[in-house]
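**Q** Need a 3D model of the sequence below.
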Amino acid sequence: MRRMTLAEGRKLATAVRTPNPTLSGVRPDASDEVLRLVEDPFRDVADAHDRLAALEALLYERGDRRAAFLTIYARVTAEVDAGLEYGEFADPAWVADYLVTFADHYRRAFYAFECGRRGEVPAPWRLAFETALGGESLVTQDILLGINAHVNYDLALALSEVGIDPNRRTKYADHRRINRVLHRLVDEEQDLVVERYADGLADVDESLGRLDEALSFFTLREGRRNAWRGAVALTDGRYDPVKRLVRWYLESVTMGAGRFILVPTENATLRDRLERLEDGGDDQ
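**A** Numbers count the residues shown, from 1 in each chain. This next block holds a predicted model:
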């Protein structure tokens, strides 16, 4: 399948977007095929990977910029699943539950967004989805907004739901082993994005800071470390007000990071220049 250029994707996104696509029922361009992929909870890791990959393919075919995050996420899910098969984890059953619960947070947010149930979509995901559909962001930003919402917001909630006890130290060690899996994929992920979306992405990395460094910041270091801390606070908090405060903190930090991700393209002139660079065009 021919790679769709970012310019073509932006044109298509402009053609299908509405002023506010989530206020009045199902989004106008939502398809039954897409909705079927995200309607039901994931059964296991393989099911999560297969449906995430199928969703990525459908969105990519439609020129939907939300596919860019899924290009990364589906590959990560496959790699961690392989780690489970190869015995990389001390508690593989817990890691499998962790992966499925985590992926289900994305699935629920995506499905609610497609169905127009705005109040059920966490604010970080609304920002990510609406920005990607708007067609005025860089693919780098679309990816980072998805990672930001999923790691900085969803992950602590997923960890607390699947449970970090008993044997908290063992589970934390497995949590850190996933970091190593992610680290192995950084260069491959960047190559995938360049191949499918943006020949000029390496040049944009020089303008915005290297993509692999940004991915490491949001996933391997601060994001995942803070997610574990959030899960500990949610687990050990004795009172509902404490848990509500933790959720408020997660959302506030994630939304702040999301707005920071969008700063480079707030200036129209700079945005146009970066778009040309990302698309592999001549910036002169």
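
**Q** rest of the way, CA atoms for contacts and neighbours
**A** Fine.

**Q** nearest residue to residue 34 other than its sequence neighbours?
**A** residue 55 (6.5 Å; CA to CA, 6 or more residues apart in numbering).

**Q** Would you agree the one you found is in contact with residue 36?
**A** No. Counting by CA atoms under 8 Å, residue 55 stays clear of residue 36, with 9.8 Å between them.

**Q** which one of the two has more residues nearby?
**A** For residue 55 versus residue 36, the count of surrounding residues by other CA atoms under 10 Å is larger for residue 55: 23 against 12.

**Q** Show the model's pLDDT score for that one.
**A** We have a pLDDT of 97 for residue 55.

**Q** mind listing what it touches?
**A** In this structure, residue 55 makes contact with 34, 37, 67, 70, judged by CA atoms under 8 Å, 6 or more residues apart in numbering.

**Q** can you pull the contacts of the last one?
**A** Going back to what we said before, that points to residue 70. Residue 70 sits in contact with 52, 53, 55, 56, where contact means CA under 8 Å, 6+ apart.

**Q** Ok, residue 155 next?
**A** 102, 224, 227, 228.

**Q** what packs against the strand or helix carrying residue 175?
**A** Here residue 175 sits within helix 168-196, counting by DSSP states H and E. Contacts defined by 3 or more CA pairs under 8 Å, 6 or more residues apart in numbering; DSSP states H and E place helix 168-196 against helix 67-85, helix 92-114, helix 211-215.

**Q** could you redo the last one with a cut-off of 7 Å?
**A** Packing partners of helix 168-196 (3 or more CA pairs under 7 Å, 6 or more residues apart in numbering; DSSP states H and E): helix 67-85.

**Q** quick one: contacts for the residue lying closest to residue 96 once chain neighbours are set aside?
**A** Nearest residue to residue 96 in three dimensions, chain neighbours excluded: residue 45, at 6.3 Å (CA to CA, 6+ apart). Shown in contact with residue 45 (CA atoms under 7 Å, 6 or more residues apart in numbering): 81, 96, 99, 100.

**Q** In CSV: those residues, plus pLDDT, neighbour count and distance to residue 74.
**A** CSV is the format used below for the contacts of residue 45 (pLDDT from 0 to 100; neighbours: other CA atoms under 10 Å; distance: CA to CA, whole Å):
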residue, pLDDT, neighbour count, distance to residue 74
81, 94, 19, 11
96, 98, 18, 15
99, 97, 22, 12
100, 98, 23, 12
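
**Q** Out of those residues, name the two that are farthest from one another.
**A** Spatial extent of the contacts of residue 45 (CA to CA) is set by the pair 81 and 100 at 10.6 Å.

**Q** Next, count neighbours for residue 236.
**A** 12.

**Q** can you check the one 5 residues further on too?
**A** Neighbour count of residue 241, defined by other CA under 10 Å: 10.

**Q** before we move on, which element is it in?
**A** Counting by DSSP H and E, residue 241 is part of helix 240-262.

**Q** Surely residue 44 and residue 98 touch.
**A** No. With contacts counted by CA atoms under 7 Å, residue 44 stays clear of residue 98, the gap being 10.2 Å.

**Q** These two: which has the busier surroundings?
**A** More crowded of residue 44 and residue 98, by other CA under 10 Å: residue 98, with 22 against 14.

**Q** Do you know the pLDDT at that one?
**A** 97.

**Q** Ok, the one 5 residues further on next?
**A** On the pLDDT scale, residue 103 is placed at 98.

**Q** how near is residue 197 to residue 65?
**A** 9 Å (CA to CA, to the nearest Å).

**Q** The two: who's more crowded?
**A** Taking other CA under 10 Å, residue 197 and residue 65 do not tie; residue 65 has more neighbours (29 against 24).

**Q** helix, strand or coil for that one?
**A** State at residue 65, reduced to three classes by DSSP: H, G, I helix; E, B strand; the rest coil: coil.

**Q** Next: residue 43.
**A** For residue 43, the secondary structure call by three-state DSSP comes out as coil.

**Q** With residue 56 instead?
**A** helix.

**Q** How about it: what's its closest non-neighbour residue?
**A** Per CA to CA, 6+ apart, closest to residue 56 is residue 67, 4.9 Å.

**Q** Now do the contacts for the one you found.
**A** If you count contacts by CA under 7 Å, 6+ apart, residue 67 has them with 56, 59, 60.
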